[in-house]
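S.K.: Fold the following for me, if possible:
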Amino acid sequence: MSTQAPRLRFATVWLAGCSGCHMSFLDLDEWLFELAAHVDVVFSPVASDVKEFPEGVDVCLVEGAVANADNLALALQLRQRTRLVVSFGDCAVSGNVPALRNLWSGVDGGSRQSVLDRGYLELADTGAQHPHAPGIVPELLERVRPLHEVIPVDLYLPGCPPSAERIRAAIEPLLRGETPAMEGTAMLKFG
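M.R.: Below is the predicted model of the structure:
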């Protein structure tokens, strides 16, 4: 009787980012079938209809920076419910493009409201107005933050986006219960 390693409960999350990291994850192509033999995808914007982040997740790849109240709530929840959290891509690792909003707050005393005014009123081609339905735009945080500033992170996987090869090199050891070797340009280069 052969003993097979238990299947990992695997999740991916998309916070404030462009979804490029998830697109790169999908570039794993045929290897996704091999991955599927070792994991149960329990939460993901690309493979799941689940709305509530589940308990008992083994590994979660988190794409994007923390920019609003919804991002923060999800980050806190997934940290409580996940054994190993991976900061997935440059936005999660450093704030990257979403954190450019932080520069706006220094312009003419800019605030969260001035960011919304700029986006919905000043730059609108037609029909300039703020969304009316309550809760349709989550409350912006004062500053956009990389993931590690709001929760403990176990592994950093930079890249904008990380290549499929880099993602696979980080995930494969996790399937064996090992820590990936996150060293050298091939694994740590930003951009």
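S.K.: Around Asp29, how many other residues sit close by?
M.R.: 8 (other CB atoms under 10 Å). (Glycine included, C-beta is placed from N, CA and C.)
S.K.: Spatially nearest residue to it (excluding sequence neighbours)?
M.R.: Computed as CB to CB, 6 or more residues apart in numbering, the closest residue to Asp29 that is not its neighbour in sequence is Ala164, at 7.4 Å.
S.K.: Can you pull out the low-pLDDT segments for this protein?
M.R.: 1-5, 48, 105-110 (pLDDT under 70).
S.K.: Distance check, the residue nearest the centre of the chain against Val46.
M.R.: For the chain, the residue nearest the mean C-alpha position is Glu63 (1.6 Å; CA atoms, centre = their mean). Per CB to CB, to the nearest Å, Glu63 is found 11 Å from Val46.
S.K.: what do these two both touch?
M.R.: Taking CB atoms under 8 Å, 6 or more residues apart in numbering as the contact rule, Glu63 and Val46 both touch 12, 22.
S.K.: quick one on the thing from earlier: the residue nearest to Asp29: what's it in contact with?
M.R.: Applying CB under 8 Å, 6+ apart, the residues near Ala164 are 24-25, 27-29, 31.
S.K.: again with Glu172
M.R.: Taking CB under 8 Å, 6+ apart, one finds Pro180 in contact with Glu172.
S.K.: which residues in the protein form helices?
M.R.: 20-26, 31-36, 69-81, 90-94, 101-104, 112-117, 164-175, 185-188 (DSSP state H).
S.K.: need the strands for this structure, in chain order.
M.R.: Ranges of strands in the chain, per DSSP state E, are 8-14, 39-43, 57-63, 66-68, 82-88, 140-145, 155-157.
S.K.: for those strands, which one sits closest to Glu183?
M.R.: In terms of CB to CB, the element of the strands of the chain nearest to Glu183 is strand 155-157, at 11.5 Å.
S.K.: Which residues does the closest one contact?
M.R.: With CB under 8 Å, 6+ apart, strand 155-157 has contacts from 61, 84-89, 93, 148, 166-167, 170, 179-180, 182, 187.
S.K.: which of the residues you listed count as buried?
M.R.: Using 16 or more other CB atoms under 10 Å as the burial test, the contacts of strand 155-157 include 61, 85-89, 93, 148, 166-167, 170, 180, 187 as buried.
S.K.: picking up where we left off before, by neighbours, which of the contacts of Ala164 wins?
M.R.: Phe25 leads the contacts of Ala164 on contacts (other CB under 10 Å) with 25 neighbours.
S.K.: which residues touch the closest residue to it other than its chain neighbours?
M.R.: Of all residues not flanking Phe25 in the chain, Ile167 sits nearest, at 5.8 Å (CB to CB, 6+ apart). Listed by CB under 8 Å, 6+ apart, the contact set of Ile167 reads 24-25, 28, 157.
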